[in-house]
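Participant: got a predicted structure here, sequence first:
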Amino acid sequence: MSNFAIGIDIGATKIAIASVSDNFSILEKEEIPTSVSSSAELWESIAQLAKGFIANQSGEILGIGIGSAGPLDIKAGTLSPVNIPFWRDFPIIELSKQLSPGVPVVLHGDALALAHAEHKLGAGRGLTNMLGMVVSTGIGGGLILNGKVFAGESGNSCFIGHHSINFEGRPCVCGRRGCLEAYSSGPQMVAIAKENGWKSESDSFIDLAEAARQGDSQAIESIEIGTRAIAIGIVNFCGTLDIHTVVLGGGVVQSGEIFWEPLKKHIKEESKAISFLKEIEIKKAELERDAGVLGAALAILG
């Protein structure tokens, strides 16, 4: 019999809920889409799954950890994910406390949850400092400093997807221009390819990546643009904090060398101007689709 935590990973297009044992094994896990009609409907789906997982375990529940796309307001216990428009100042902590009254509830950014999980259990084991990034429907960052999770004063440290790399650039869903996410998320790389003439009815980055493998010039160029933007963001951030290791996870990262080859090329080129960076080490997240819920649960399990 294991004690356990509930981990809730809130992304732009899906939410994963899991029960995680105190030895960091996933006991049960399910995913639900965010494409529902209302805020209440989405929360009810989360609550039903979480309550079911709690009832199914014989051990003691230690708490509920939440990793969410931001921005967050940790003090208020609310979140306003850029890509979930009907959740604005959503009282996630208050509602989560009702799932199992009396247990602690902790809120982190989703990319911070990934960074925490990869640092403890995955590609970042043994590192003192690292930047974790999620590259998917959106882009987020999480930071490990001096071996510890660094959340920042409001819980939004390393909000790297909405760092502007071109102040006169593409409009971003957040309201700014030239954000990293506006060039490098999966949907935006698809949008750039279509703007440049890619003839496809698909809006899937998986299909864009396959077209690039088959030699489609518009698909190749859009991934070049996206990976260069990621490289600029990484080099800017690593140069600011003098960090040399980055762990990348998320759906776009799973596309293989069609993504990794240009990314590494651009990072090498962009980092030449900052001599102290030398070689930035880029690692693929090892925990893949489980990183988010594990990192969320680690906010409780430590």
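Facilitator: Received, thanks.
Participant: so where's this structure uncertain?
Facilitator: Low-confidence segments of the chain (pLDDT under 70): 1.
Participant: show me the contacts for Cys179.
Facilitator: 161-165, 169-170, 172 (Cβ atoms under 8 Å, 6 or more residues apart in numbering). Yep, even glycine has a C-beta here, placed from its N, CA and C like the rest.
Participant: can you say which of the residues you listed are buried?
Facilitator: Neighbour-count burial (16 or more other Cβ atoms under 10 Å) applied to those gives 161-165, 170, 172.
Participant: what residues go with each domain of this protein?
Facilitator: Domain ranges of the chain: 4-110+290-301, 123-285, per automatic domain parsing.
Participant: switch the ones you listed over to TSV; also include distance to Ala117.
Facilitator: Formatted as TSV, the domains of the chain follow (distance: least, Cβ to Cβ, whole Å):
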stretch	distance to Ala117
domain 4-110+290-301	4
domain 123-285	8
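Participant: picking up where we left off before, and of the contacts of Cys179, the nearest to Ala291?
Facilitator: Gly161 (16.6 Å; Cβ to Cβ).
Participant: quick one, what contacts that closest one?
Facilitator: 138-141, 179-181, 185.
Participant: any idea how far it is from Gly102?
Facilitator: Gly161 sits 35 Å away from Gly102, taking Cβ to Cβ, to the nearest Å as the criterion.
Participant: quick revisit: of the contacts of Gly161, which belong to strands?
Facilitator: By the criterion of DSSP state E, membership of those in strands covers 139-141.
Participant: now do the buried residues in stretch 225-236.
Facilitator: 225-235.
Participant: okay, these in a markdown table with distance to Val36 and secondary structure next?
Facilitator: Formatted as a markdown table, the buried residues of stretch 225-236 follow (distance: Cβ to Cβ, whole Å; DSSP: H, G, I helix; E, B strand; the rest coil):
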| residue | distance to Val36 | secondary structure |
| --- | --- | --- |
| Ile225 | 32 | helix |
| Gly226 | 29 | helix |
| Thr227 | 33 | helix |
| Arg228 | 35 | helix |
| Ala229 | 31 | helix |
| Ile230 | 30 | helix |
| Ala231 | 36 | helix |
| Ile232 | 35 | helix |
| Gly233 | 31 | helix |
| Ile234 | 34 | helix |
| Val235 | 38 | helix |
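Participant: okay, these in a markdown table with distance to Arg213 next?
Facilitator: Output for those, formatted as a markdown table (distance: Cβ to Cβ, whole Å):
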| residue | distance to Arg213 |
| --- | --- |
| Ile225 | 17 |
| Gly226 | 15 |
| Thr227 | 15 |
| Arg228 | 19 |
| Ala229 | 21 |
| Ile230 | 19 |
| Ala231 | 21 |
| Ile232 | 24 |
| Gly233 | 25 |
| Ile234 | 24 |
| Val235 | 27 |
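Participant: who's Ile139 bridged to?
Facilitator: Val135 (DSSP bridges).
Participant: residue contacts, it?
Facilitator: Counting by Cβ under 8 Å, 6+ apart, Ile139 makes contact with 133, 160-161, 180-181, 184-185, 230, 250.
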